[in-house]
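Novice: Model the following, please.
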Amino acid sequence: MAARIMKRLAVVVSVASVLVMLGFTSSGNRQLTSQKLDIRVESATGNYFICQAMVRETIIKEMDTLEGRMVTQDMIIQLHEMVNGLPWVKEARVYRTIKANIHVDVRLRDPMFRVINRHNDSYYVDRDGKVFPLSDEHTARVMLVTGHISASPQNTASFADPDEQQDTQEGIQLKSLFELASYISNDAFWNAFIDHVYVRADGQFELTPKNGAHIIEFGHATGIPEKFDKLMAFYRGGITQVGWRYYNRVNIAYTNQVICSK
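Specialist: Here you go, the predicted model:
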């Protein structure tokens, strides 16, 4: 009985000792001087709008060098908010290791298309519908959207769900454009084939394939899958008989019809 009690007591003492050591370690870690700032930048599509050096330069400009300094938890939070605030950053993780090294892991936005609006402002829209600016570091090779688009990066945060514009003509146009671009982007063939989307003044869309053979009059962004299925059937059965450049315009805006003109 006594042996059993002593054994339990030893276990309790061991656990308590480990907790005390962890407490000292955690406390010591909070007090340690930062040894190294490790920055990693990742892009799912190879579009590196910013690099490690640019992130480091931004951090130094805003917070001075962190290496060799006592870095508090408030500074870690400030660093996290600052890096996540960079417009090309989709998500950033900032944490400190037990050796007091600071890690900044950055995941960049994935551009789906590039817009040049009616005011000649140019910006990207990512797969979440978020608007973000061009970069001097890199130009993404993505579908181009031009025409009667007034939305600017200064007053539009998202194409998928534009704040305070949901019921306006512009808000409807932005969401329609995003739905059309998303469908094209998510289909391997159409993503490789469609190069340019033009937004007409009446809100209808015209598409240009990469081979520049003709203009596709798409109409409004309704019945999107059915229209592309109809276009694919035409390509497989009709255009092969006359050649890609026989028609200047191919109209798929109407139900169950493909209207071609020279």
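Novice: Let me see the confidence value for residue 173.
Specialist: What the model reports as pLDDT for residue 173 is 85.
Novice: repeat for residue 212
Specialist: 89.
Novice: Can you report how many residues lie near it?
Specialist: 11 (other C-beta atoms under 10 Å). (C-beta placed from N, C-alpha, C; glycine too.)
Novice: try residue 64
Specialist: 8.
Novice: Could you tell me how far it is located from residue 56?
Specialist: 12 Å (C-beta to C-beta, to the nearest Å).
Novice: Next: residue 205.
Specialist: 42 Å.
Novice: and if you look at residue 261?
Specialist: 56 Å.
Novice: about what we covered before: with neighbour numbers in mind, choose between residue 205 and residue 56.
Specialist: Shown here are residue 205 and residue 56; by other C-beta under 10 Å, residue 205 has more neighbours (22 against 15).
Novice: Tell me what residue 260 is bridged to.
Specialist: Counting by DSSP bridges, residue 260 is bridged to residue 250.
Novice: Next, name the residue at the spatial heart of this protein.
Specialist: The chain has residue 109 as the residue nearest its centroid, 3.0 Å off, counting by C-alpha atoms, centre = their mean.
Novice: who touches it in this structure?
Specialist: 49, 88, 89, 90, 124, 126, 130, 132 (C-beta atoms under 8 Å, 6 or more residues apart in numbering).
Novice: Pretty sure the second one sits against residue 51.
Specialist: In this case it means residue 88. No. If you go by C-beta atoms under 8 Å, residue 88 and residue 51 don't touch, sitting 10.5 Å apart.
Novice: And these two? Which one has more around it.
Specialist: Comparing residue 88 with residue 51 by other C-beta under 10 Å, the one with more neighbours is residue 88, at 24 against 15.
Novice: Angles on the backbone of the more buried one, please.
Specialist: For residue 88, the backbone dihedrals (degrees, to the nearest 10) come out as phi -90, psi -10.
Novice: Who are the contact partners of the nearest residue to it once chain neighbours are set aside?
Specialist: Ranked by C-beta to C-beta, 6 or more residues apart in numbering and with sequence neighbours excluded, the top spatial neighbour of residue 88 is residue 49, at 4.0 Å. Applying C-beta under 8 Å, 6+ apart to residue 49 gives the contacts 43, 88, 108, 109, 135, 137, 138, 140.
Novice: Which pair of those residues spans the longest distance?
Specialist: The distance between the two most remote of the contacts of residue 49 (C-beta to C-beta) is 13.3 Å, for 109 and 137.
Novice: okay, stretch 66-79 in PDB with CA atoms only?
Specialist: Extracted as PDB, the C-alpha positions of stretch 66-79 are listed here (Å, rounded to 0.1, in the frame of the first residue of the first chain):
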ATOM      1  CA  LEU A  66      13.500  42.500 -35.700                       C
ATOM      2  CA  GLU A  67      16.600  40.400 -35.600                       C
ATOM      3  CA  GLY A  68      18.600  41.100 -32.400                       C
ATOM      4  CA  ARG A  69      15.700  42.800 -30.700                       C
ATOM      5  CA  MET A  70      13.300  41.800 -27.900                       C
ATOM      6  CA  VAL A  71      10.100  41.100 -29.700                       C
ATOM      7  CA  THR A  72       6.900  41.100 -27.700                       C
ATOM      8  CA  GLN A  73       3.600  39.400 -28.400                       C
ATOM      9  CA  ASP A  74       2.100  42.800 -29.400                       C
ATOM     10  CA  MET A  75       4.800  43.200 -32.000                       C
ATOM     11  CA  ILE A  76       4.000  39.700 -33.400                       C
ATOM     12  CA  ILE A  77       0.300  40.700 -33.700                       C
ATOM     13  CA  GLN A  78       1.300  44.000 -35.400                       C
ATOM     14  CA  LEU A  79       3.600  42.100 -37.800                       C
END
